[in-house]
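**Student:** Got a predicted model here, sequence first, then my questions.
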There are 2 protein chains.
Amino acid sequence: MAGGESTRLWPLSRRRTPKQFLRLAKGRTLLQATAARMRRLVPWEQMLVVTAAAYADEVRRQLPRVLRRHILVEPMGRNTAACIVLAAEWLAAHVGPALMVIVPADHAVSDTAAATRTLRTACVLAGERDCLVTIGIAATAPETGYGYIEKGAVIAGAPGLHWVRRFHEKPSYAQARRYAASGRHLWNAGIFVWKTDVLRSALRRLAPELERALSGVWRSESDSARRLRRAYRQLPSRSIDVALLQPATVLAARSPRVAVVPASFGWLDVGTWSALHTLRGGDADGNTAVGKLLALDARGCVVYAPDHLVALLGVDDLIVAEHDGALLICPRGRAQDVRRIVAELQRRRWTEYL
Amino acid sequence: MAGGESTRLWPLSRRRTPKQFLRLAKGRTLLQATAARMRRLVPWEQMLVVTAAAYADEVRRQLPRVLRRHILVEPMGRNTAACIVLAAEWLAAHVGPALMVIVPADHAVSDTAAATRTLRTACVLAGERDCLVTIGIAATAPETGYGYIEKGAVIAGAPGLHWVRRFHEKPSYAQARRYAASGRHLWNAGIFVWKTDVLRSALRRLAPELERALSGVWRSESDSARRLRRAYRQLPSRSIDVALLQPATVLAARSPRVAVVPASFGWLDVGTWSALHTLRGGDADGNTAVGKLLALDARGCVVYAPDHLVALLGVDDLIVAEHDGALLICPRGRAQDVRRIVAELQRRRWTEYL
């Protein structure tokens, strides 16, 4: 899934280059790093990338080994439910029954080996039990920016793996503290594993309008763009969690059931500039910098300015990000509000900075 | 006087371009604005500029109408006493007795007409009374970055003009508050008016080593550079206040006496980034920006980034300055400490940013 927009990493993320295409750590972009992790599970020829028309060229540029016909272009953004069902329908039309591993292209993972082991476990579970498998990350802090998965009973014969009791939307801080302390709540990594057949039959029962809108959309190459556009236009924008997984847990008595593989592999939804600190760690004063930094009496700052020397004097916990003629300065505690700057730029029609 | 270095306006001011050469407000540089003010008193052909070898080309470029032989190059910086005596000796050698108006090239003045009236008054006073005349600016705030002039008795027959009682070095904040409240203390603008003859006879009595070192240094063009270098090398680095004016007030019984013309013409020693706020005023939120600014929940900030859009979110009273690959961020209250950054750059030999 490589079609998302991102506003909270402005000024680095722009309309044309949302975060999946950015080189936030050293070396590869988040998209390239994600594909490299998937390469441990499947050959290049078995990867599908779903993205927006505006990003298709960039995907081709960054992932030259992915087959061009495997880059599926959505006519508009309709959240993860549409994206995933679109790919499932493509597989049904072109490959036949298959096992899907669905990953967002804009997350970071520090322990690739552990992530690969987790996904293999998820594949075995989804293949043998015909269930919908999610990945839940051990919640090490009361994060309010993530959704949570509440685990239920251990799956018989699969020690350490659980059925899902409930999905929780992004919580308040008080709730997040309770979740982090409970031992039952895991961060929803937005990673899913299931058979296409299992998904499609679940959709028919639990989200029939989604299944109806997209089934057969790939039945012939000719005219598929027009069909896709017409189908997407009527689709609501819903996440797969809301459209399918949460209803499936409520009706847990009937198959397919929803399972969760608890994991811990240095997973990070690179949502805001604060993530740079988690991604790269801090120096002795707790400052993280991409670019040259001179810090005097400055602590806990996050700096992204690869082309600058940044001199900080007497400031704490500040985000400083410079890219392509634009400069952002805000406290780390306001990192979520960076989207307000993007909204204000849109309102003023200062499009050159969008 | 256009030879000073400046470190507190880094990263805009660099070794090659101290603040007198910078375009801080719109249009002209501080040097050009200073020359334009002097133009109201004298023709271009009567201006002398004293500067350092490293800056001579820049002075010629910025002031093409000043005669090239009127740009005097000091072999090294030795504070204002040497600079002023050097110019006085040049006048004595090339012009004969003259009236000198001495102004720093790196100060800003908002009311040019008032400044011109003040200097005319000072010229008349220095011409008629054979005294050393200073300009004292009405102290509107307890500034700790300025020296102060304490005025004494009114000069007989010259209402509003005073003899100087004492010079005070840069005060503590508590002292500065007392000075600002006293009604007797004025900011020392570093502007002086006197006859060359009066200066030279005062030097012979009060600073004979200075007079000895520099007298006759211009007696022939040939070899003057070598003579200058030798003379400067042995000179102490002292301000004219310390070297001459303060001793002259102590010995006030004997001529020449030191006078002060109190004035108020929007004078500003552009010492730190905070001055930008005074120079340009703030917007409704008290923010001042050179460059494009987008401020959300941000107040009292000073921004210099002509080539950037700067987005401030949730920060107050911050200085943000970008120039030529370097970016400074510090609270306004730490503006004086910017020189520490320059010192640290020197220590690390990051010369490309100096």
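**Tutor:** That came through fine. None of the values given here were measured: they were computed from a predicted structure. Residues are numbered from 1 along each chain as shown, chains lettered A, B, ... in the order given.
**Student:** Could you list which residues are in contact with A:L86?
**Tutor:** A:V50, A:L72, A:E74, A:L214, A:V217, A:L228 (C-beta atoms under 8 Å, 6 or more residues apart in numbering or on different chains). C-beta coordinates here come from the backbone N, C-alpha and C atoms, glycine included.
**Student:** where do the strands sit along chain A?
**Tutor:** A:49-52, A:71-74, A:99-102, A:107-109, A:132-138, A:148-155, A:158-168, A:185-195, A:258-263, A:267-269, A:288-296, A:302-313, A:318-323, A:326-331 (DSSP state E).
**Student:** By neighbours, which of the contacts of A:L86 wins?
**Tutor:** A:L214 (24 neighbours; other C-beta atoms under 10 Å in any protein chain shown).
**Student:** Near chain B, which residues of chain A are found?
**Tutor:** With C-beta under 8 Å from any C-beta of the partner chain as the criterion, chain A meets chain B at residues A:10-11, A:292, A:294, A:296, A:305, A:307-315, A:318, A:320, A:322, A:325-331, A:333-334, A:337-338, A:340-341, A:344-345, A:348, A:350, A:353.
**Student:** on that earlier part again, by pLDDT, rank the contacts of A:L86 and give me the bottom one.
**Tutor:** pLDDT is lowest at A:V217 among those; the value there is 89.
**Student:** and that one, what does it touch?
**Tutor:** With C-beta under 8 Å, 6+ apart, A:V217 has these contacts: A:L86, A:E89, A:S224, A:R227, A:L228, A:A231.
**Student:** what's the closest of those to chain B?
**Tutor:** Closest approach to chain B among these (C-beta to the nearest C-beta): A:L86, at 35.4 Å.
**Student:** ok, back up a step: any idea which of the strands of chain A scores lowest on pLDDT?
**Tutor:** strand A:267-269 (a mean of 89).
**Student:** That one pairs with which strands, and in what direction?
**Tutor:** strand A:107-109 (antiparallel) (DSSP bridges).
**Student:** Just the residues contacting the strand it pairs with, thanks.
**Tutor:** Contacts of strand A:107-109 (C-beta under 8 Å, 6+ apart): A:24-25, A:30, A:33-34, A:37, A:115, A:189-190, A:265-270, A:275, A:279.
**Student:** Thought A:T249 was touching A:F167, still the case?
**Tutor:** Yes. With contact defined as C-beta atoms under 8 Å, A:F167 counts as touching A:T249 (6.7 Å).
**Student:** now stretch A:233-248, how far from the centre of its chain.
**Tutor:** 16 Å (C-alpha atoms, centre = their mean, to the nearest Å).
**Student:** I meant to write stretch A:336-348 there.
**Tutor:** With C-alpha atoms, centre = their mean, you get 22 Å for stretch A:336-348.
**Student:** how about it: buried residues?
**Tutor:** For stretch A:336-348, burial by neighbour count (16 or more other C-beta atoms under 10 Å in any protein chain shown) applies to A:D337, A:V338, A:R340, A:I341, A:V342, A:L345.
**Student:** which residue packs closest to the closest residue to chain B within the stretch 1-150 of chain A, ignoring adjacent ones?
**Tutor:** At 7.3 Å from chain B, A:P11 is the closest residue in the stretch 1-150 of chain A, using C-beta to the nearest C-beta. Excluding the flanking residues, the one nearest A:P11 by C-beta to C-beta, 6 or more residues apart in numbering or on different chains is A:A326, at 3.6 Å.
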